[in-house]
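A.B. asks: below: sequence and its predicted model.
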Amino acid sequence: MTPGKGIMGLRIVTRDGGGLSFLRSLFRLFGYWLSTLLYGLGYLWIAIDNRREAWHDKVAKTAVIYVWDAHPSTRSLGSVVRAAGDMEPEDAEEDLVLRN
């Protein structure tokens, strides 16, 4: 695990949830180079891919998972707005301040 992934609460696993082997790590490293050499298109691919996988994930057949409770679906602006819609206006404003 890299320090950045540790801080963000992310882990790299195989698509079936197992740990990475040395060979699979090398494939992933090759994918990093491929993504970078082609003008970063491999990283931008995340934005249009349904599974949100970069090219290095596809090459190595890996997935990035959250290992702590900071899932984007519960921390997104949309979920805050939806939660605020269920409250009285003054309660929603107070809750929004507390979340930030």
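C.D. replies: Perfect, I can see it now. Numbering: from 1, shown residues only.

A.B. asks: could you chop the chain up by domain?
C.D. replies: 1-68, 70-100 (automatic domain parsing).

A.B. asks: in this protein, which spans are helices?
C.D. replies: 3-8, 22-37, 41-44, 55-60, 72-75, 77-85, 89-99 (DSSP state H).

A.B. asks: what packs against the first one?
C.D. replies: Spelled out, it's helix 3-8. Applying 3 or more C-beta pairs under 8 Å, 6 or more residues apart in numbering; DSSP states H and E, one finds that helix 3-8 makes contact with no other helix or strand. C-beta coordinates here come from the backbone N, C-alpha and C atoms, glycine included.

A.B. asks: can you list contacts of that helix?
C.D. replies: 11, 12 (C-beta atoms under 8 Å, 6 or more residues apart in numbering).

A.B. asks: adjust the sequence numbering to begin at 771 for everything that follows.
C.D. replies: With the count now opening at 771, the last piece we talked about shows up as helix 773-778.

A.B. asks: I'd like the average pLDDT over that helix.
C.D. replies: Mean per-residue pLDDT for helix 773-778: 79.

A.B. asks: now it: buried residues?
C.D. replies: Across helix 773-778, burial judged by 16 or more other C-beta atoms under 10 Å covers no residue at all.

A.B. asks: rewinding a little: rank the helices of the chain by mean pLDDT and give me the bottom one.
C.D. replies: Here the lowest mean pLDDT among these goes to helix 859-869, at a mean of 46.

A.B. asks: look at residue 808 and say how many residues are nearby.
C.D. replies: Per other C-beta atoms under 10 Å, the neighbour tally for residue 808 reads 12.

A.B. asks: state the pLDDT value of it.
C.D. replies: pLDDT at residue 808 comes out at 87.

A.B. asks: ok, it to residue 772 distance?
C.D. replies: From residue 808 across to residue 772, the span is 22 Å (C-beta to C-beta, to the nearest Å).

A.B. asks: residue 781 now?
C.D. replies: For residue 781, the distance to residue 772 - C-beta to C-beta - is 10 Å.

A.B. asks: neighbour count: these two, which is higher?
C.D. replies: residue 781 (16 against 9).

A.B. asks: who's the more buried one bridged to?
C.D. replies: Under DSSP bridges, the beta-bridge partners of residue 781 are residue 835.
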